[in-house]
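Enquirer: following is a predicted model, sequence given first.
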Number of protein chains: 4
Amino acid sequence: MSTAPRTARGNRTRAKLLEAAEAVFASVGYHEASIVKITEAAGVGLGTFYLYFDGKQAIFDEVVEDLNRRVRHAMTDAARNAANRMEAERAGFRAFFRFTAQHPALYRIIRQAEFVSPGALRLHYTRIVNGYIEGLKSAQAGGEVRDMDPTVAAWALMGIGELIGMRWVLWDEEGAPPVEGARPEVPEEVFEEMMQFIERGLAPDTRPSSTPPQEGTLP
Amino acid sequence: MSTAPRTARGNRTRAKLLEAAEAVFASVGYHEASIVKITEAAGVGLGTFYLYFDGKQAIFDEVVEDLNRRVRHAMTDAARNAANRMEAERAGFRAFFRFTAQHPALYRIIRQAEFVSPGALRLHYTRIVNGYIEGLKSAQAGGEVRDMDPTVAAWALMGIGELIGMRWVLWDEEGAPPVEGARPEVPEEVFEEMMQFIERGLAPDTRPSSTPPQEGTLP
Amino acid sequence: MSTAPRTARGNRTRAKLLEAAEAVFASVGYHEASIVKITEAAGVGLGTFYLYFDGKQAIFDEVVEDLNRRVRHAMTDAARNAANRMEAERAGFRAFFRFTAQHPALYRIIRQAEFVSPGALRLHYTRIVNGYIEGLKSAQAGGEVRDMDPTVAAWALMGIGELIGMRWVLWDEEGAPPVEGARPEVPEEVFEEMMQFIERGLAPDTRPSSTPPQEGTLP
Amino acid sequence: MSTAPRTARGNRTRAKLLEAAEAVFASVGYHEASIVKITEAAGVGLGTFYLYFDGKQAIFDEVVEDLNRRVRHAMTDAARNAANRMEAERAGFRAFFRFTAQHPALYRIIRQAEFVSPGALRLHYTRIVNGYIEGLKSAQAGGEVRDMDPTVAAWALMGIGELIGMRWVLWDEEGAPPVEGARPEVPEEVFEEMMQFIERGLAPDTRPSSTPPQEGTLP
DNA sequence: GATGAATGAGTGTTCATTCAT
DNA sequence: GATGAATGAACACTCATTCAT
């Protein structure tokens, strides 16, 4: 059974392992990632691994957890000072793509999780989606978003972000399988088109018939 | 080196292997799927496998290829007799979800492909997206869809379908990781909400300023 | 899951492994015996082992079973043509020591079994003891052995054989730990002393005072 | 290299380790017993172990030594105030079984010693047997035991005690492999049958026909 | 005197692949 | 065309031992 580190040195070792694991999982995937590769990348002995983690699964779960926490923080931080809901949405998506660009691990690891750790996978998506849902609800309360089921909308947004990110952040132009390292973010035009699509999908109805006040301005 | 079957018996054997492989990959994933499991499921000898396929990767690629062809046929078939573009879109999505429900393998196998066979993964998405793009282009020509970049729209649609499908088709309610076997399709309300979202996102502008005829009705 | 061999070649391989395992277990003990050592001794590939046995424990159990069967056969065969019970006992013990001399594995493996496979250990002793018990019972019926609890007597005999065998068959004079290879049997004087001890322990009472009644029935 | 403790505190630590080791070896066997388990059971740090013992083997040897000393003391103490040789024998066996019941470790550890520390094993048996031999010799001098080779007799007694003890002290009725904890001693009937067997095996010849006094009754 | 983080050789086991039948 | 016995590289994981603190 692995133990939490009790010393500063132990804390450092554990962190090195976690970081190395993220990199290795991201670059070769869960199954090709051997403990030896991880410990070598971390610069520690093989046995050391088992001082801090119960096994390959365990560190994988922690990596997923960690990435999930970080991407959500990145998104909420970015959305914090937005003027309105739509600005917040844009900021959130930008942060998401930026994070993806800096941590390609996110996608690659999450996709592996399907078979490796289904629970972790669901938790990951659910947490992000829940963030969307909350945002959408308050936007609906403020009249900024039309009255649709926020859960459906949230999953739709998640899907849009996921595949747009995959296509424009992860896939290098017509190239080889993506590897680690920083990547360009989503091109501005693409981002704008995507946001237009989302905003229209969520926009409240503006049918003239439903806005009597304007009619009052008529002569 | 594998050989194309030369006899009718050989054709049958090859088909049995392909079918078995799909089932095995879908239920336990690529890495847990051993050649022995596949040949046992197919009811043939272990050595026979290598008469028809060059290896595990090779049969995996063929399974992906096969699934991709089938899901696209299902979608285009469904959309064929649609009255207009939006009807076609609805029919396509429905077909996509139905196929997913009947072949959970689709998702599960595709997600594995990221590391196993990146080329196959990209081909899969690209082919479906290309179908969307074509449809969107012709809809734009007919004025049914607004003038946005059809590629961005296509990837957005793909993402929506992917995650809505994952959430409502593959995940059993609050439960264990999805396994094989047929599942319920997406609930009607969810489908409708999703389609509303998409339709609004794609709908041509109906700004009064751009529709002078309406202005003429004013006094 | 291991499979029974289906071919003659497979049968040979399995037998080679079993024989090699007996030798390796006997010479270095269960824990030091690695599968590699066994397969090398058997002259087969490492992976081949798992075609025939489920693991180290499994082959160990089979080796114990096998040794047990053989030692019992050796004993009953030897006792078969004995004139009377006591002759049978002597023949049985001689066979036991001879077997031990030729298969030092017997002792060494059995002693290991305590922790490795307690069930196998108990079965081993119980089976041999049961043989003794039966023999003792019929000897009692014939008046050759006094009326004591045959189970207690059987375990006592077992113990005598075990430790006399250990001392005179397995331990080379004042020397290093015993290794494999044939050894001298128990010296004749020791054997004779031991049998005397046993025979007296089992001999029926011959007090004249206890049999006069029968004599009294004579005319 | 381990050091003898120099302080009272050190003495206590060493004793704790020895006690813990006996318990751990007894319950899981030599190979499953890890130094960590022992130090945890002793309530000391892992590194501390190597302050007092050179390694796993070394502490094992000490545990064997210790158990051997204690069982012999138990036996000689019990036999000390016996009226005659046979009483002493009975008392010794009783003490042996009682010790076994209270320290199942004895058997379990001894059986492991075969491969772990063959020297320790031989020393253990030899010491106990030597005690028997001495006792038998003096009994022979006193005419209480017949004139047989005392070494053979001693090993026979050892064997009887060993297997009767194993069967009735260690094996719970028809049950699972024995674990630690106190156990019932050998049932009285069994003990009595065993002693009868031994006494007859050792008893001096008392054939009336061979006793000259009777001859004197002849005319 | 005491500690526990670090190490890496060694183990059991799996499985894609080959090839003689 | 079909088979399955044989192979060995590769992996996750354990644990006795060392040593800096």
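Expert: Yep, that arrived.
Enquirer: find the nearest non-adjacent residue to the residue nearest the centre of chain A, please.
Expert: In chain A, the residue lying closest to the centroid (Cα atoms, centre = their mean) is residue A:71, at 4.8 Å. Distance criterion Cβ to Cβ, 6 or more residues apart in numbering or on different chains; nearest residue to residue A:71, sequence neighbours excluded, is residue A:99 at 5.0 Å. C-beta here means a position set from N, CA and C on the backbone, and glycine is covered the same way.
Enquirer: who touches the residue nearest to the centre of chain A in this structure?
Expert: A:96, A:99, A:103, A:106, A:128 (Cβ atoms under 8 Å, 6 or more residues apart in numbering or on different chains).
Enquirer: my guess is the last one meets residue A:158, correct?
Expert: Yes: look at residue A:128 against residue A:158 with Cβ atoms under 8 Å: they come within range, at 6.3 Å.
Enquirer: which one's more surrounded, these two?
Expert: Under the criterion of other Cβ atoms under 10 Å in any protein chain shown, the comparison of residue A:128 against residue A:158 puts residue A:158 first, with 24 against 21.
Enquirer: mind listing what that one touches?
Expert: Applying Cβ under 8 Å, 6+ apart to residue A:158 gives the contacts A:125, A:128, A:129, A:132, B:159, B:163.
Enquirer: distance of it from residue A:83?
Expert: Distance check for residue A:158 against residue A:83: by Cβ to Cβ, to the nearest Å, it reads 24 Å.
Enquirer: what does residue A:139 give?
Expert: Where residue A:83 is concerned, residue A:139 sits at a distance of 13 Å (Cβ to Cβ).
Enquirer: neighbour count for these two, which is higher?
Expert: More crowded of residue A:139 and residue A:83, by other Cβ under 10 Å: residue A:139, with 21 against 8.
Enquirer: against residue B:159, how distant is that one?
Expert: Taken as Cβ to Cβ, the span from residue A:139 to residue B:159 is 21 Å.
Enquirer: near DNA strand E, which residues of chain A show up?
Expert: Chain A comes close to DNA strand E at residues A:3, A:5-7, A:9-10, A:12-13, A:44-48, A:50-52, as judged by Cβ under 7 Å from any atom of the strand.
Enquirer: could you work out the most separated pair of those?
Expert: Greatest spatial distance among the residues of chain A next to DNA strand E (Cβ to Cβ): A:6 and A:46, at 21.1 Å.
Enquirer: so which of the two has more stuff around it?
Expert: For the pair residue A:6 and residue A:46, the greater number of neighbours falls to residue A:46 (12 against 8), based on other Cβ under 10 Å.
Enquirer: pretty sure the more buried one contacts residue A:37?
Expert: No: taking contacts as Cβ under 8 Å, residue A:46 lies outside contact range of residue A:37: 10.4 Å.
Enquirer: would stretch A:50-62 count as contacting DNA strand F?
Expert: Yes: against DNA strand F, stretch A:50-62 shows contacts by Cβ under 7 Å from any atom of the strand at A:50, A:55, A:56, A:57.
Enquirer: which secondary structure state does the residue nearest to the centre of chain A sit in?
Expert: helix (DSSP: H, G, I helix; E, B strand; the rest coil).
Enquirer: before we move on, back to that, how about the contacts of residue A:71 in CSV, adding secondary structure and pLDDT?
Expert: As requested, those are exported to CSV (DSSP: H, G, I helix; E, B strand; the rest coil; pLDDT from 0 to 100):
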residue, secondary structure, pLDDT
A:96, helix, 95
A:99, helix, 94
A:103, coil, 88
A:106, helix, 85
A:128, helix, 96
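Enquirer: with those in mind, which one is nearest to chain C?
Expert: Checking the contacts of residue A:71 against chain C by Cβ to the nearest Cβ gives residue A:106 as the nearest, at 38.4 Å.
Enquirer: give me the number of residues near the closest one?
Expert: With other Cβ under 10 Å as criterion, residue A:106 counts 24.
Enquirer: ok, now which ones touch it?
Expert: With Cβ under 8 Å, 6+ apart, residue A:106 has these contacts: A:67, A:71, A:99, A:100.
Enquirer: surely the first one touches residue A:25?
Expert: If I follow you right, that is residue A:67. No: contact status for residue A:67 versus residue A:25: not in contact, 9.7 Å apart, counting by Cβ under 8 Å.
Enquirer: any common contacting residues for those two?
Expert: Taking Cβ under 8 Å, 6+ apart as the contact rule, residue A:67 and residue A:25 both touch A:105, A:109.
Enquirer: the more surrounded of the two?
Expert: residue A:25 (29 against 21).
Enquirer: in chain A, where is pLDDT below threshold?
Expert: By pLDDT under 70, the low-scoring segments of chain A are A:1, A:3-4, A:172-182, A:207-219.
Enquirer: domains of it?
Expert: Segmentation of chain A into domains, based on automatic domain parsing, reads A:1-54, A:56-203.
Enquirer: list the contacts of the helix or strand hosting residue A:25.
Expert: Residue A:25 is located in helix A:8-32, with elements delineated by DSSP states H and E. For helix A:8-32, contacts defined as Cβ under 8 Å, 6+ apart pick out A:5, A:33, A:37-39, A:41-44, A:48-49, A:51-53, A:56, A:59-60, A:62-63, A:66-67, A:103-105, A:108-109, A:112, A:116, A:179-180, B:31, B:114-115.
Enquirer: wait, isn't residue A:54 in contact with residue A:2?
Expert: Yes: using Cβ under 8 Å, residue A:54 makes contact with residue A:2 at a distance of 4.8 Å.
Enquirer: could I get stretch A:130-139 in PDB with only the CA atoms?
Expert: Output in PDB follows, covering the C-alpha atoms of stretch A:130-139 (Å, rounded to 0.1, in the frame of the first residue of the first chain):
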ATOM      1  CA  ASN A 130     -21.600  20.800 -14.400                       C
ATOM      2  CA  GLY A 131     -19.700  24.000 -14.600                       C
ATOM      3  CA  TYR A 132     -21.400  24.800 -17.900                       C
ATOM      4  CA  ILE A 133     -24.800  23.900 -16.500                       C
ATOM      5  CA  GLU A 134     -24.400  26.300 -13.600                       C
ATOM      6  CA  GLY A 135     -23.200  29.100 -15.900                       C
ATOM      7  CA  LEU A 136     -26.100  28.500 -18.300                       C
ATOM      8  CA  LYS A 137     -28.700  28.500 -15.600                       C
ATOM      9  CA  SER A 138     -27.600  31.800 -14.200                       C
ATOM     10  CA  ALA A 139     -27.400  33.200 -17.700                       C
END
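Enquirer: now check it, is it near chain B?
Expert: No: between stretch A:130-139 and chain B, judged by Cβ under 8 Å from any Cβ of the partner chain, nothing touches; the nearest distance is 11.2 Å.
Enquirer: buried sites along that stretch?
Expert: Across stretch A:130-139, burial judged by 16 or more other Cβ atoms under 10 Å in any protein chain shown covers A:131, A:132, A:133, A:135, A:136, A:139.
Enquirer: any idea how far residue A:159 is from the last one?
Expert: This means residue A:139. With Cβ to Cβ as the criterion, residue A:139 and residue A:159 are 19 Å apart.
Enquirer: what's near enough to touch residue A:108?
Expert: Counted by Cβ under 8 Å, 6+ apart, residue A:108 has contacts A:25, A:26, A:29, A:170, A:178, B:114, B:115.
Enquirer: what's the spacing between it and DNA strand F?
Expert: Separation of residue A:108 from DNA strand F (Cβ to the nearest atom of the strand, to the nearest Å): 17 Å.
Enquirer: same question, residue A:197
Expert: Counting by Cβ to the nearest atom of the strand - residue A:197 and DNA strand F are separated by 42 Å.
Enquirer: wait, what's in contact with that residue?
Expert: A:160, B:148, B:152, B:153, B:156, B:201, B:202 are the contacts of residue A:197 under Cβ under 8 Å, 6+ apart.
Enquirer: which ones among these map onto helices?
Expert: Secondary structure from DSSP state H places A:160, B:152, B:153, B:156, B:201, B:202 of the contacts of residue A:197 in helices.
Enquirer: burial measure for residue A:31, as a count.
Expert: 18.
Enquirer: redo the ones in helices among the contacts of residue A:197 as JSON lines? Include neighbour count.
Expert: What follows is these, written out as JSON lines (neighbours: other Cβ atoms under 10 Å in any protein chain shown):
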{"residue": "A:160", "neighbour count": "27"}
{"residue": "B:152", "neighbour count": "25"}
{"residue": "B:153", "neighbour count": "27"}
{"residue": "B:156", "neighbour count": "27"}
{"residue": "B:201", "neighbour count": "25"}
{"residue": "B:202", "neighbour count": "24"}
